[in-house]
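> sequence plus predicted model, see below.
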2 protein chains.
Amino acid sequence: MTEAEIIRQIKTKGFKITSQRRAIIEALLVPDRPPTAQDVLEIVRDKYPYVSLDTVYRNINLLAEIGCVIKINLKNNEKSRFEILKHHHHHHLICLGCGEAVCLEKCLLDKHMDVLKDQGYKIVGHAFEIYGYCPSCCDTAE
Amino acid sequence: MTEAEIIRQIKTKGFKITSQRRAIIEALLVPDRPPTAQDVLEIVRDKYPYVSLDTVYRNINLLAEIGCVIKINLKNNEKSRFEILKHHHHHHLICLGCGEAVCLEKCLLDKHMDVLKDQGYKIVGHAFEIYGYCPSCCDTAE
DNA sequence: CCTCCAAACAAGAATATTCCTATTTAATAT
DNA sequence: ATATTAAATAGGAATATTCTTGTTTGGAGG
């Protein structure tokens, strides 16, 4: 998803475009690996020194709610990381060794959703994460 | 899983049985709906007034790691709730209306796991939660 | 262009959870 | 029973994230 597409989505849903919001979206696209809120703050502050961390969280959460960003919860109280949703809906394997989030090909959970919808539940979202060790961390493990 | 079975598991894995630990396990079984760490603390303190909240979290996390307890993450910064795993491995739908955690029948994620294991990943756990509204909260919603 | 109002903001307080350190204790070997 | 040691604990500090409050601002309508 490009910056322009995201901004269009935000407008469509009736939210406003502020300079901070725009800068946060751009910052999310800069780092190699999905950044933490703190990472985003530091990038944004190069341009807007008075942006608060709360604003970063508020905007990232908005982006997650409208489906433009995925929140990656690392275990053990590490900071969360946030990934702009480039292509399709997917989930992650989080390596407990190096902390890297590996994208899973495809979401296999639609079956669950369908059953619940039939039973009268209204589903608005889901979280799914796998914890383990990637092949190279398996090698170096004791 | 009964208290005795859990204690046996703890011993088997080389952890110690302390009076606080025992009391925490018992406290988890008391409330109707899965309790928060604070709920557990209050029950335990009836008997042991000097138990710390950290001890409750530490023990619940241990129980979760050895697979005796499931951690239920409610959205929006509500406190987590913890459920003694009575029967088989399963997940939850969390109602955003009333906050209730509905148990899902069965874990459909084994396919994912198998694929990853074939690729050399070592899987140690996963988190899966669905957010939505239960039928009665759907009725009362605007 | 000017007014208006909901949405967004900054700053700092609050919250849930974990970490740190010094002390105590369960289980094991003597 | 006693000594030993790693695990567990209490208490308080630290951390990530969200909430609160008063202020500012985007964008719709006149």
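Now that the structure is in, tell me what you want to look at.
> and the closest residue to A:Glu3 other than its chain neighbours, helix, strand or coil?
Distance criterion CB to CB, 6 or more residues apart in numbering or on different chains; nearest residue to A:Glu3, sequence neighbours excluded, is A:Ile25 at 5.5 Å. For glycine as for every other residue, the C-beta is placed from the backbone atoms N, C-alpha and C. Secondary structure, DSSP: H, G, I helix; E, B strand; the rest coil: A:Ile25 is helix.
> and A:Ile25, what does it touch?
For A:Ile25, the contact set (CB atoms under 8 Å, 6 or more residues apart in numbering or on different chains) comprises A:Glu3, A:Ile6, A:Ile7, A:Asn59, A:Leu63, A:Ile84.
> list the buried ones in stretch A:60-70?
Burial within stretch A:60-70, assessed by neighbour count using 16 or more other CB atoms under 10 Å in any protein chain shown, is assigned to A:Ile60, A:Leu62, A:Leu63, A:Ala64, A:Cys68, A:Val69, A:Ile70.
> now the residues you listed in CSV, with secondary structure?
Shown next, in CSV, are these (three-state DSSP):
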residue, secondary structure
A:Ile60, helix
A:Leu62, helix
A:Leu63, helix
A:Ala64, helix
A:Cys68, coil
A:Val69, strand
A:Ile70, strand
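> looking at those, which two lie furthest apart in space?
By the measure CB to CB, A:Leu62 and A:Ile70 form the most distant pair in the buried residues of stretch A:60-70, at 13.6 Å.
> okay, A:Lys16 and A:Ile7: tell me how far apart.
The gap separating A:Lys16 from A:Ile7 is 11 Å, by CB to CB, to the nearest Å.
> between these two, who's got more neighbours?
Each of A:Lys16 and A:Ile7 has its neighbours counted (other CB atoms under 10 Å in any protein chain shown); A:Ile7 has more, 16 against 7.
> what strand or helix carries the more buried one?
helix A:3-12 (DSSP states H and E).
> what do you get for A:Glu78?
Here A:Glu78 sits in a region with no helix or strand, counting by DSSP H and E.
> okay, it: pLDDT?
pLDDT for A:Glu78: 71.
> average pLDDT for the helix holding A:Ile7?
Rounded mean pLDDT across helix A:3-12 is 91.
> how about it as CSV, C-alpha atoms only?
Extracted C-alpha coordinates of helix A:3-12, given in CSV (Å, rounded to 0.1, in the frame of the first residue of the first chain):
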residue,chain,number,x,y,z
GLU,A,3,1.3,6.6,1.1
ALA,A,4,-1.3,8.0,-1.2
GLU,A,5,-3.5,5.0,-0.9
ILE,A,6,-3.4,5.1,2.8
ILE,A,7,-4.2,8.8,2.9
ARG,A,8,-7.2,8.2,0.6
GLN,A,9,-8.4,5.5,3.0
ILE,A,10,-8.1,7.9,5.9
LYS,A,11,-10.1,10.6,4.2
THR,A,12,-12.7,8.1,3.0
